[in-house]
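Trainee: Okay, predicted coordinates and the sequence, questions at the end:
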Amino acid sequence: MRRRAAVRRGPRLRDALAAALGAALLVLSAGGCGTGRAPQRDASGATEEDTMDQGIAAQYALAAERHAELNERVAQLQRDSAAEAWRGTSTFSEVIPASGFELGAELPGASRTNSYYFVVSRWAEPGAGSAAELVRAFAADWRARGWDTSLAASEVSGESRAAALTPDRYWFAASEEGGALRLEGHSPVYWGAFESLIEAAAERRDAEDARGAHRRFAERDASGAIVLEPGDYRPFPAWEAVPPAAKGRP
């Protein structure tokens, strides 16, 4: 009975197998099965670790800048529109960020505690035209800017709505609501200690209210709205509104 000769693996075959194994390991690492996955960065370019390494005071200062930036962008959109008599229903809550978790996959890895974003809403009268015309004008302007823009009408009410996402992840929407125009803006989602930030902002907002600061943002007209012309918004509560605890206090 003839015996089968043993198969000998020469140097070339061994080298080829080693190279193939190395390539497979590299692919697995790049796919996140090893340590090769790059950390997720927010719209500012920061990683979660970078942000959480900062103290709450530094994170708060960044939140203040982002709140102002969103409001200034909304103000510019107001100025560019033919709408009149801009107003809002509350500035009390606009200084408090929302959890980034609410926007789902906008920032992969965002949870209820590690991220946040800001929201601003304004309403206006159509002026000489109609709210529908203003919505279409917003859509045309946003497309001309190169923003990712959609325009649709509700199957129920027939009211139109334009929405756009800017290249730097700001989101805006203009819509008809009962004959009036609503303009809404969202900032990008940022990494941050959400619970600590909202507690700090609310505490400082309440401290400012107790001293009568920004009282005019609580004044309402006969319709129950607050008059908010373009660029008119309640500032983010000052960090200094709550003095630091006295040294040695338990």
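Mentor: Arrived safely. Numbers count the residues shown, from 1 in each chain.
Trainee: When you work out contacts or count neighbours from here on, use the C-alpha atoms and nothing else.
Mentor: Fine.
Trainee: Tell me which stretches of the chain form helices.
Mentor: 11-28, 48-52, 56-80, 131-144, 194-210 (DSSP state H).
Trainee: can you give me phi and psi for the closest residue to Gln76 other than its chain neighbours?
Mentor: Leaving aside its sequence neighbours, Gln76 sits nearest to Pro230 (Cα to Cα, 6 or more residues apart in numbering; 7.1 Å). As for Pro230, its main-chain torsions (degrees, to the nearest 10) stand at phi -50, psi 130.
Trainee: Can you give me the separation between Pro230 and Arg79?
Mentor: 6 Å (Cα to Cα, to the nearest Å).
Trainee: Neighbour count: the two, which is higher?
Mentor: Comparing Pro230 with Arg79 by other Cα atoms under 10 Å, the one with more neighbours is Pro230, at 20 against 14.
Trainee: Number of residues surrounding Trp45?
Mentor: You called it Trp, but residue 45 is Gly. Using other Cα under 10 Å, Gly45 has 11 other residues around it.
Trainee: which residues touch it?
Mentor: The contact partners of Gly45, by Cα atoms under 8 Å, 6 or more residues apart in numbering, come to none.
Trainee: Please shift the residue numbers so they start at 596 in all later answers.
Mentor: I'll keep to 596 as the first residue from here, and by that count the last item is Gly640.
Trainee: For the nearest residue to Gly704 once chain neighbours are set aside, grab phi and psi.
Mentor: Nearest residue to Gly704, sequence neighbours excluded (Cα to Cα, 6+ apart): Gln635, at 7.7 Å. The phi and psi values for Gln635, taken as degrees, to the nearest 10, are phi -70, psi 130.
Trainee: Ok, Pro762 next?
Mentor: Dihedral angles of Pro762 (phi, psi; degrees, to the nearest 10) stand at phi -60, psi -30.
Trainee: you'd agree it is up against Trp742?
Mentor: Yes - counting by Cα atoms under 8 Å, Pro762 touches Trp742, with 6.7 Å between them.
Trainee: Between the two, which has more neighbouring residues?
Mentor: Higher neighbour count among Pro762 and Trp742: Trp742, with 19 against 10, using other Cα under 10 Å.
Trainee: Roughly how far does the nearest residue to the more buried one once chain neighbours are set aside sit from Arg740?
Mentor: Leaving aside its chain neighbours, Trp742 sits nearest to Thr761 (5.0 Å; criterion: Cα to Cα, 6+ apart). Taking Cα to Cα as the measure, Thr761 falls 9 Å from Arg740.
Trainee: And these two? Which one has more around it.
Mentor: Per other Cα under 10 Å, whichever of Thr761 and Arg740 has more neighbours is Thr761, with 15 against 11.
Trainee: Give me the below-cutoff pLDDT ranges for this structure.
Mentor: Low-confidence segments of the chain, defined by pLDDT under 70, are located at 596-631, 841-845.
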